[in-house]
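**Student:** How does the following fold in three dimensions:
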Amino acid sequence: MTTESVFTGLKVLDASTFIAGPAAATVLSDFGADVIKIEPPGTGDPQRRLGSMPPSPRAQANYSWHLTNRNKRGMVIDLKSPAATKVLKRLVEWADVVITNFPHGTREKLHLGYEVVAGWNPRVVYADITGFGDIGPDAGQPGFDLTAAWSRSGLLASTRDAGAPPTVPVWGSGDYMSAIAIYAAIVTALYRRERTGQGGSVGTSLLASGVWATGTLVAGALAGGTRFELHDRRAPANPLINPYRTEDDKWFMLVASPPHWPGLTRAIAHPELLEDPRFADVEGFVENSAALTELLDAEFRTQPFAHWQDALGRERVTYSLIQTPEQAAQDPQLRANDIVVPLEGVSGLEETISSPVNLRGVKKVPAKRAPDLGEHNDEILAELGFGPAEIAELRAQGAIPGTAEAEGSR
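**Tutor:** Modelled structure (predicted):
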């Protein structure tokens, strides 16, 4: 990469699959890190196929693969082959950071456990992610974001309306949330290494990220708090925090507090409500929630969203249009703030989503397509010091795919 950035010169070995670990490596690549992604032979990382599985949107381009693995170089290595160990060892010696999400036990069999990796490279920052943590009765249980980050954490049970069963949330969202946690852990360890010269092992779990996201409710439970019932839109715990529908069938989320109440009464042209004793304080809002919600419902249904956009904005009352993913994709605010950025090299896909980490005054590396399966095998092996004869021997031993096999997998 030619763009100089914060992590230019940082070498990252991405030995992880699916979303959370690879996405953390992608954030590092956004700031110039040289990331080598290794995949197993055959079909590679299962993330290559997730974009074609329902309920992912159907599209010609493999958008999910490029979102999670852009700006990386790709290798195919069969870590189950004894001959692959010499390649893995050189990759670890090359790397500043190693990321994995193989389960405990499996990673040790593949020579990706921390003790082996740190033995090869004591300065390495070793980052891993698990479903449910390193210890405890369920440490070995497989976990995906829907099970560990959403279901086990209390988040999914709380993200539904009263009377409605649990639903399927946006899959991958727990993974991308966890990716930022892994990225933060890596950067923290790199800072420590700058100060002490020591490498180290860092990590998180999908469960930890999910509980952190549900922090207000879980912390409340730890305090012995009495939580409100599940949200009922017609009689919410707080009618000032509720979705409402406009005359032109658009929904928006109102998020106001008692200090906003005078402005809200002016916005709906009912300033006399300030004198209504039912709504004199927070307790009144709670006790008379159904009545106020009915009143607000009726008022908001009288005018189109554009009217309320002006009226609520004028009074500095916080709200937002509830957009579909398709609407969000076209929101000009995303491009104005480089949340959606150009993507180079993918037919049928001109843009992707940037990571949410920004350093003001520092440009990110322009987004380029994710690698084909095993695309950079020979290039990287040569950089690691393997000669043509050694590479041919690695192929013969099954550590890396043969040329025809690699070409056929692209």
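**Student:** how about H270, what does it touch?
**Tutor:** Counting by C-beta atoms under 8 Å, 6 or more residues apart in numbering, H270 makes contact with 295, 299. For glycine as for every other residue, the C-beta is placed from the backbone atoms N, C-alpha and C.
**Student:** mind listing the strands for the stretch 1-150 of the chain?
**Tutor:** Counting by DSSP state E, counting those that start in this stretch, the stretch 1-150 of the chain has these strands, from start to end: 11-15, 34-39, 72-76, 97-100, 125-130.
**Student:** Tell me how far the fourth one lies from the chain's centre.
**Tutor:** In terms of C-alpha atoms, centre = their mean, to the nearest Å, the gap separating the centre of strand 97-100 from the centre of its chain is 17 Å.
**Student:** sorry, back to before: and V211, which of the strands of the stretch 1-150 of the chain is closest to it?
**Tutor:** With distances scored as C-beta to C-beta, the stretch of the strands of the stretch 1-150 of the chain nearest to V211 is strand 125-130 (13.8 Å).
**Student:** average pLDDT for that closest one?
**Tutor:** Model confidence over strand 125-130 averages 97 on the pLDDT scale.
**Student:** any residues touching the helix or strand that it is followed by, and which ones?
**Tutor:** Sequence order places helix 155-158 as the next helix or strand after strand 125-130, per DSSP states H and E. The contact list for helix 155-158, computed with C-beta under 8 Å, 6+ apart, reads 146, 149-151, 166, 169, 210, 213-214, 217, 230.
**Student:** which of those count as buried?
**Tutor:** 146, 149-151, 169, 210, 213-214, 217 (16 or more other C-beta atoms under 10 Å).
**Student:** JSON lines for the residues you listed, including pLDDT and distance to D297?
**Tutor:** Formatted as JSON lines, those follow (pLDDT from 0 to 100; distance: C-beta to C-beta, whole Å):
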{"residue": "L146", "pLDDT": "96", "distance to D297": "33"}
{"residue": "A149", "pLDDT": "97", "distance to D297": "34"}
{"residue": "W150", "pLDDT": "96", "distance to D297": "30"}
{"residue": "S151", "pLDDT": "97", "distance to D297": "32"}
{"residue": "P169", "pLDDT": "93", "distance to D297": "26"}
{"residue": "G210", "pLDDT": "97", "distance to D297": "33"}
{"residue": "A213", "pLDDT": "96", "distance to D297": "30"}
{"residue": "T214", "pLDDT": "96", "distance to D297": "29"}
{"residue": "L217", "pLDDT": "96", "distance to D297": "27"}
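**Student:** Just put the strands of the stretch 1-150 of the chain in CSV and tack on distance to M53 and mean neighbour count.
**Tutor:** Formatted as CSV, these follow (distance: least, C-beta to C-beta, whole Å; neighbours: other C-beta atoms under 10 Å):
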stretch, distance to M53, mean neighbour count
strand 11-15, 22, 26
strand 34-39, 18, 24
strand 72-76, 21, 23
strand 97-100, 23, 26
strand 125-130, 21, 26
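**Student:** I'd like those written out as JSON lines, with distance to P342 added.
**Tutor:** Converted to JSON lines, the strands of the stretch 1-150 of the chain look like this (distance: least, C-beta to C-beta, whole Å):
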{"stretch": "strand 11-15", "distance to P342": "23"}
{"stretch": "strand 34-39", "distance to P342": "20"}
{"stretch": "strand 72-76", "distance to P342": "18"}
{"stretch": "strand 97-100", "distance to P342": "26"}
{"stretch": "strand 125-130", "distance to P342": "29"}
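**Student:** so which of those strands gets nearest T246?
**Tutor:** strand 125-130 (42.0 Å).
**Student:** So which elements touch the closest one?
**Tutor:** helix 20-30, strand 97-100, helix 114-120, helix 173-196, strand 200-205 (3 or more C-beta pairs under 8 Å, 6 or more residues apart in numbering; DSSP states H and E).
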